[in-house]
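1. Build the 3D model from these lines:
(2 chains)
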Amino acid sequence: MTEEQNNLDLDLKPFSKRIRTVYAWQGLGWGLCAGGVVASLGVVLDRLRVIEMEPVTLALTLGSGAILGAVIGAARRISSEGLARSIDRRAGLEDRLVTAQFSTEGSAAGEFEEAVRTDAGTRAKALDPRRLYPAKFGRAHSSGLVTAVAASALFLAGNAGLLLSPSERAARETIAEKAKTLERLRKENLDEPEENQDDPELKALSKELQKLQKDLEKSRLSKEEMLQKANEILKKANELKSLQTENLEKELAKAESALEQWQKQELDKQLGKESLSQEQLQNASLSAAERQAMKDQLESELRSAEQKATALNSALSELNKKLQNRNLTDEQRKALEKEKEALSKELAEQLKKAEIAKQGLKGLELTAEQREILDKLRNDPMMKEIRELASKLQREASQAKKGNRPELTKEQLDEIKKKLEEFLEKMKDEDARKEYLKQLLEAIKKAKKLGNCNGVCMLPGLGLLPGGPGPGPDNDTMLLDTGRVNKLDKPVETKGKGQAEFVATERDDARMGQETYIEIKAPTTLGTMSSVPYRKVLPKYKEKAESAVRKSQIPKEHQARVKKYFDSLGK
Amino acid sequence: MSAEHATWFRQTFESIRSEVRKVIVGQEEVVDLTLMGLACNGHVLLEGMPGLGKTLLVRSLAEALSLDFSRIQFTPDMMPADVTGTNVLTEHRTFEFRRGPIFANIVLADEINRATPKTQSALLEAMQERSVTVGGKKHTLVEPFLVMATQNPVEQEGTYPLPEAQLDRFFVKVLVPYPTKEDLAEVIARTTGSQTESVKAVASQADVIRMRDIAKEVVLAPNVLEFGLSMVVGTHPDSPEASPLVKRYIRYGASPRGAQSMVMAAKVRALLSERFNVSREDLIEVAKPVLRHRILLNFEAEADAITADRILDDLIQHVKAGDRDPVRV
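-> Next comes the predicted model:
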């Protein structure tokens, strides 16, 4: 590159810099425009509930669009020839710079080369790049602003409720509060617990709750939709709860088997050939009374089987004698042989029963030495404590299976876990016992998950579903199949005929405490809507009501009324 | 060559122009284009009504440059020898070449379209080769040699329109307009008064040749040339660069000689504009005088009364539109 070339490039450098700045400024406008378009699309998709759009996301989309546009603009390059041409045009230099560039490239430009370069250089220096390339507020910027404002307006119109009436706004605020509670519920029960991290089903449930929460925050759901959605989630939570209960039981069974394994190993170690059989080991955990009751039962079974076998033997002897008679016709012989076959079969069964009873009795018998060692094992303070903890978990599982709420709180479960971990630490080379503890720890994990699922079942408590977490079993699915039942906020004057009858009384239930309630008998409110014909669901509801009556979940004095009500619906 | 040479060129051009303007009132473009032809060694075709000062312009130019001047009034009965000269038998019984009026620095070919094609073609060789051949002998014309032909756009009866080949040999075709009222008043004042201005010689034969050398040195950048060539190529109806009007009304476009003339004219204009380089503006400015006689209009153009200038205006706009600012901000 020649010196002249360098000089001219230096003269044009400020212009090149300025053009890049102007390009960046222009790019910012177009970027904002593109960001605005994307943001508007996002807002529309948000309203259609395809994606979630937050104020931060909106601002980020617009901002990143503008920044990206500016960066792309600044990165644009212009050739030195193009730059010279542009300056020539804008400054009216009549192709002086272009020609000077050509003349510095070493071609045969003519005798005026030097004069051309000097002329071009002098004129370029006299120019102000800012005046030549002003950073104007152009079409790009106005388009950018328009799209950004449009996106923001769309977003605000949909989310801020500016266009809503005061009552609608109040309703929205209430729903937003519910959304906050829902968020807390989700975080506490699904997102934050460590044990949930590896569970895809719980994660999926969390995602659905999050979606519902967002929908509530943005008031994108009608009341019917909200109820329907909450119902679906509640159903899933209950299904997961059942699954977690099963898992807990499985883990506990594994733990139990690990415990037996350990005991067997210990007994084998100490008793050698005299060790307990599997049956003996299983029965070893029985109390004295249980053992006696079992023994009595087995003895009675043995006796009965032996007696029946004796009777069957004599019957068979008789039959054999009859068969030895040569005067029997073929038909008689056939009938006797058939009878003999049946008796033999029954005899074999009785003998088998007697053998089983004998085995059972043998399984109940323990030698003094066996008992002593077993007691020693049982009375080991550490194992005693561990077993107590295990029984707590067992109780938890059986409560969950019955459909009751978990008894153990998270804190209690954590405490059990801590203790078990401490025990695990103390056991050095006892692999069998360690296995037991590990299974128990696994069971605790499942119990916690169970608790988390139960936490999600608090949806009715948030007011998202009719009813609330009453004192009874919380898996009463009578509330789950409400479909699109629309609960109205304001009372509607009914057009139906009938007299409202108020019955005020007090319920006295030792278990439940006292509660004042009002019963209203009146025609149904017009305007309610159900997607399921009530005749279709009535038998199911009626069955549940009858079941509730049978299980005495309904006070006696109201049972007749409940029955009457359901009978009347069926007419 | 330095800036001083350019300054000298400008000053000489200006002084010649000033001298000519002493007797020619108005007609700035005509004067400038004629002088441009002189500086570029190109012949000029002047088209205008009689009495507009065409002959006076050429004569004044010759006087200002102290060059030999001759005038040929073309008529249908004129023979080529009347232009070139002929061999005559001397008293010594030898043939001697007697020079015709073409042997001058500036030749005014008045009403050239009245001569027969035969006579016109005699001029053709002289214009292009700057020599004449008589009796098998070639006679070189003096330098500088400039033919300034005039033709009358009316009274076309009994005339022989110049063939395309001959038209192409003219550097520019200058349309001499009717003077404005003010100019006419000035003409009357100058020509009917007691005092008359006379033209003095301000430049020599050598100066003209030097001016030509200086003009050739003006720098032309490739992309500027490309712009000019777009205009020349654009006159061809089958060219992709042709404008819609060109496609519709032109039969044949400009020859390469047109491009050469355009560049040379632009170079002179650049020097007169105190530049050492040719600009797009220069090319645009000279496009019409240089190209208007080099394009052949079709019958439709004649029927629609479309002139070559109108088509060229359209073509210039078309080419300009394609030449946008590379920086769009």
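
2. Could you find the closest non-adjacent residue to B:Ser279?
-> Closest residue to B:Ser279 apart from its sequence neighbours, by CB to CB, 6 or more residues apart in numbering or on different chains: A:Glu94 at 3.6 Å. Glycine gets a C-beta too; all of them are placed from N, C-alpha and C.

3. Repeat that for B:Leu312.
-> Closest to B:Leu312 by CB to CB, 6+ apart is B:Lys288, at 5.1 Å.

4. measure B:Asp304 to B:Gln156 for me?
-> According to CB to CB, to the nearest Å, B:Asp304 stands 19 Å off from B:Gln156.

5. One more: A:Leu319?
-> Distance from A:Leu319 to B:Gln156, counting by CB to CB: 153 Å.

6. ok, now A:Pro381?
-> 137 Å.

7. Where does the residue nearest to B:Leu312 fall, secondary structure wise?
-> Taking DSSP states H and E as the criterion, B:Lys288 maps to helix B:280-291.

8. Who are the packing partners of that helix?
-> Applying 3 or more CB pairs under 8 Å, 6 or more residues apart in numbering or on different chains; DSSP states H and E, one finds that helix B:280-291 makes contact with strand B:170-175, helix B:222-233, helix B:256-272, helix B:308-322.

9. and B:Ala201, what does it touch?
-> If a contact means CB atoms under 8 Å, 6 or more residues apart in numbering or on different chains, then B:Ala201 has B:Glu63, B:Ala64, B:Leu65, B:Ser66 as its contacts.

10. Could you pull up phi and psi at it?
-> phi -80, psi 120 (degrees, to the nearest 10).

11. Confirm B:Ala109 sits in a strand?
-> Yes: assessed with DSSP: H, G, I helix; E, B strand; the rest coil, B:Ala109 lies in a strand.

12. wait, isn't it in contact with B:Leu123?
-> Yes: using CB atoms under 8 Å, B:Ala109 and B:Leu123 qualify as a contacting pair, with a distance of 6.4 Å.

13. How many residues are close by residue 18?
-> Let's take chain A. Neighbour count of A:Arg18, defined by other CB atoms under 10 Å in any protein chain shown: 20.

14. Switch to chain B, please.
-> 12.

15. Check B:Ala81 too.
-> 15.

16. Pull the residues that contact the helix or strand where B:Glu14 lies.
-> In this structure, B:Glu14 sits in helix B:3-23 according to DSSP H and E. Outside helix B:3-23, the residues that touch it by CB under 8 Å, 6+ apart are A:111-112, A:115, B:31-32, B:35, B:39, B:56-57, B:60-61, B:63-65, B:190, B:197-200, B:202-203, B:207, B:211, B:214-215, B:217, B:268, B:271-272, B:274, B:276.

17. Can I get it as CSV, trimmed to CA atoms?
-> Below are the C-alpha coordinates for helix B:3-23, written out as CSV (Å, rounded to 0.1, in the frame of the first residue of the first chain):
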residue,chain,number,x,y,z
ALA,B,3,-2.2,22.3,-11.5
GLU,B,4,-0.6,25.2,-13.3
HIS,B,5,-1.2,23.5,-16.7
ALA,B,6,-4.9,23.2,-15.8
THR,B,7,-5.0,26.8,-14.8
TRP,B,8,-3.4,27.8,-18.1
PHE,B,9,-5.9,25.7,-20.0
ARG,B,10,-8.8,27.4,-18.2
GLN,B,11,-7.4,30.8,-18.7
THR,B,12,-6.7,30.3,-22.4
PHE,B,13,-10.2,28.8,-22.9
GLU,B,14,-11.7,31.7,-21.0
SER,B,15,-9.8,34.3,-23.0
ILE,B,16,-10.9,32.7,-26.3
ARG,B,17,-14.4,32.6,-25.1
SER,B,18,-14.3,36.3,-24.1
GLU,B,19,-13.0,37.2,-27.5
VAL,B,20,-15.7,35.3,-29.3
ARG,B,21,-18.3,36.8,-27.0
LYS,B,22,-17.4,40.2,-28.1
VAL,B,23,-19.2,39.5,-31.3
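
18. quick one: A:Leu440 and A:Glu256 touch, right?
-> No: with contacts defined as CB under 8 Å, A:Leu440 does not count as touching A:Glu256, sitting 9.8 Å away.

19. With neighbour numbers in mind, choose between those two.
-> Per other CB under 10 Å, whichever of A:Leu440 and A:Glu256 has more neighbours is A:Leu440, with 27 against 16.

20. Relative to A:Phe423, how far out is that one?
-> According to CB to CB, A:Leu440 stands 9 Å off from A:Phe423.

21. same deal with A:Leu182?
-> In terms of CB to CB, A:Leu182 sits 39 Å off from A:Phe423.

22. just to revisit the earlier point, could you give the angle of the helix holding B:Glu14 to helix B:256-272?
-> 100 degrees (axes from the mean of the first three to the mean of the last three CA atoms, to 10 degrees).

23. Just give me the longest helix of chain A.
-> helix A:223-271 (DSSP state H).

24. and it, what does it pack onto?
-> Packed next to helix A:223-271, using 3+ CB pairs under 8 Å, 6+ apart, are helix A:200-217, helix A:278-284, helix A:368-378, helix A:381-402, helix A:431-456.

25. Minimum distance to chain B: which of those has it?
-> Nearest of these to chain B, taken as CB to the nearest CB: helix A:200-217 at 42.8 Å.

26. In terms of neighbours, single out the busier of B:Asp304 and B:Gln156.
-> Counted by other CB under 10 Å, B:Asp304 and B:Gln156 do not tie: B:Asp304 has more neighbours, with 13 against 10.

27. sorry, back to before: mind listing what's buried in the helix holding B:Lys288?
-> By neighbour count on 16 or more other CB atoms under 10 Å in any protein chain shown, the buried set for helix B:280-291 is B:Arg280, B:Glu281, B:Asp282, B:Leu283, B:Ile284, B:Glu285, B:Val286, B:Ala287, B:Lys288, B:Pro289, B:Val290, B:Leu291.

28. what sits up against that helix?
-> Residues contacting helix B:280-291 (CB under 8 Å, 6+ apart): A:94-95, B:33, B:36, B:171-174, B:224, B:227-228, B:231-232, B:235, B:254, B:258, B:261-263, B:265-267, B:269-270, B:273, B:308-309, B:312-313, B:315-316, B:320, B:323.

29. quick one: that helix to chain centroid distance?
-> Here the centre of helix B:280-291 is set off from its chain's centre by 13 Å, with CA atoms, centre = their mean, to the nearest Å.

30. Need the CA coordinates for the helix or strand containing B:Val208. CSV is fine.
-> Secondary structure from DSSP H and E places B:Val208 in helix B:205-216. In CSV, the C-alpha atoms belonging to helix B:205-216 read as follows (Å, rounded to 0.1, in the frame of the first residue of the first chain):
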residue,chain,number,x,y,z
GLN,B,205,-2.1,27.3,-33.2
ALA,B,206,0.4,25.8,-30.8
ASP,B,207,-1.8,26.8,-27.9
VAL,B,208,-4.7,24.8,-29.3
ILE,B,209,-2.5,21.7,-29.7
ARG,B,210,-1.2,22.2,-26.1
MET,B,211,-4.8,22.5,-24.8
ARG,B,212,-5.6,19.1,-26.5
ASP,B,213,-2.6,17.5,-24.7
ILE,B,214,-3.6,18.9,-21.3
ALA,B,215,-7.2,17.7,-21.7
LYS,B,216,-6.1,14.2,-22.4
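
31. Check the stretch 201-350 of chain A for the residue nearest chain B and tell me.
-> Closest point on the stretch 201-350 of chain A to chain B, by CB to the nearest CB, is A:Lys218, at 41.2 Å.
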